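Engineer: return a 3D structure for these sequence lines:
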Amino acid sequence: MAWHGTLDLRYAVQTHDGTPRCIVRDRHDGPLRVLSALYPEGAQVCHSVIVHPPGGIAGGDRLDMTVGVEPGAHALLTTPGATRFYRSAGDVASQTVSATVASGARLEWLPLETLVYSGALAESRAVFTLAPGGEMIGRDLIALGLPAADQAFERGHFLQQLEIPGVWLERGRLAAGDALLMDSPAGLAGHRVLATQWFAAGQGLEASRRQALLDAAREAAAAFDDAQVLAGCTAPHEPLVVLRALAHRVEPAMALLNEVWSRWRTLAWGLPGDWPRVWRT
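Structural biologist: Alright, predicted model coming up:
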């Protein structure tokens, strides 16, 4: 039996006794929901932990999430564990995310890694629409096969799409049988973990601010051994800074993303870069 789960999250600022608080209203159908809404930083930043109780996404399953962050709200979304795309008997498994960030709002889209099992037929699409004055930090970390268990990605494919309309569109199909892509120096060069993290705004970033974000990411990447992580950071468009990394294992790639996230958060928003508690459990 295939699962179809939907989750709609709406973040807004509500004032009670003169104190603003970011609240979330959620509606779900099927096996996709908010485990908890937390306030470890105080009332103005709402942390939401998203769970999929079946534990993985199999062929024919479909998960759809919509997120709206209203003016002045600040939402941080993460997961308590890896997203897993299991081997398929023939049907495609899919996950879609569509988020809008209003003027003066902030979104942090910080799921943990996605594991694509050998034999999976999987698709993941995410679209983030930012109004002028809206900003976000997002990430996507993919592991093909199970690197920690030495289980290779020998069959199947994974389609990845990341989009900020009018600014950035990446779409790639990672097929196990595509040796040129998987193993050549112009492709993944034998790596099976690929990570992308970005800082984006609904308008062009001031040059000095954009350069500070670039410098912070490059300095963090330089501290990692090339044998563990190959990484680079660029600003392909005025509203966007993108960090990319390749690794053989999830852990060093995730460590780099977390370090850069921490630095970007402090630089851009003056907020502490303390990791969410769920990442430590």
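
Engineer: where in the protein is the helix or strand with the lowest mean pLDDT?
Structural biologist: Taking mean pLDDT, DSSP states H and E as the measure, the helix or strand of the chain with the lowest value is strand 33-38, at a mean of 89.

Engineer: ok, residue 124 - contacts?
Structural biologist: 94-96, 114, 140, 158-161 (C-beta atoms under 8 Å, 6 or more residues apart in numbering). Placement of C-beta: from N, CA and C, glycine included.

Engineer: please name every helix or strand in contact with the least confident helix or strand of the chain.
Structural biologist: strand 4-16, strand 19-29, strand 46-51 (3 or more C-beta pairs under 8 Å, 6 or more residues apart in numbering; DSSP states H and E).

Engineer: just the contacts of residue 124 now: which is nearest residue 196?
Structural biologist: Nearest to residue 196, judged by C-beta to C-beta, of the contacts of residue 124 is residue 140 at 5.0 Å.

Engineer: just give the nearest non-adjacent residue to that closest one, would you?
Structural biologist: residue 196 (5.0 Å; C-beta to C-beta, 6 or more residues apart in numbering).

Engineer: if that neighbour is in a bridge, with which residues?
Structural biologist: Beta bridges link residue 196 to residue 140, residue 244, judged by DSSP bridges.

Engineer: what comes up buried for stretch 45-55?
Structural biologist: Residues 45-52 are the ones in stretch 45-55 that count as buried (16 or more other C-beta atoms under 10 Å).

Engineer: can you check stretch 63-77 too?
Structural biologist: When burial is assessed from 16+ other C-beta under 10 Å, stretch 63-77 yields the following buried residues: 63-70, 72-77.

Engineer: and those, which two are furthest apart?
Structural biologist: Taking C-beta to C-beta, no two of the buried residues of stretch 63-77 sit farther apart than 63 and 72, at 28.7 Å.

Engineer: give me the mean pLDDT for the top helix by length along the chain.
Structural biologist: Once the chain is assigned using DSSP state H, the helix that runs over the most residues is helix 250-269. For helix 250-269, mean pLDDT is 97.

Engineer: tell me how far it lies from the chain's centre.
Structural biologist: On the basis of C-alpha atoms, centre = their mean, to the nearest Å, helix 250-269 is displaced by 12 Å from the centre of the chain it belongs to.

Engineer: thinking again about what came up before, isn't the residue nearest to residue 140 up against residue 243?
Structural biologist: Yes - the pair formed by residue 196 and residue 243 meets the contact definition of C-beta atoms under 8 Å, at 7.1 Å.
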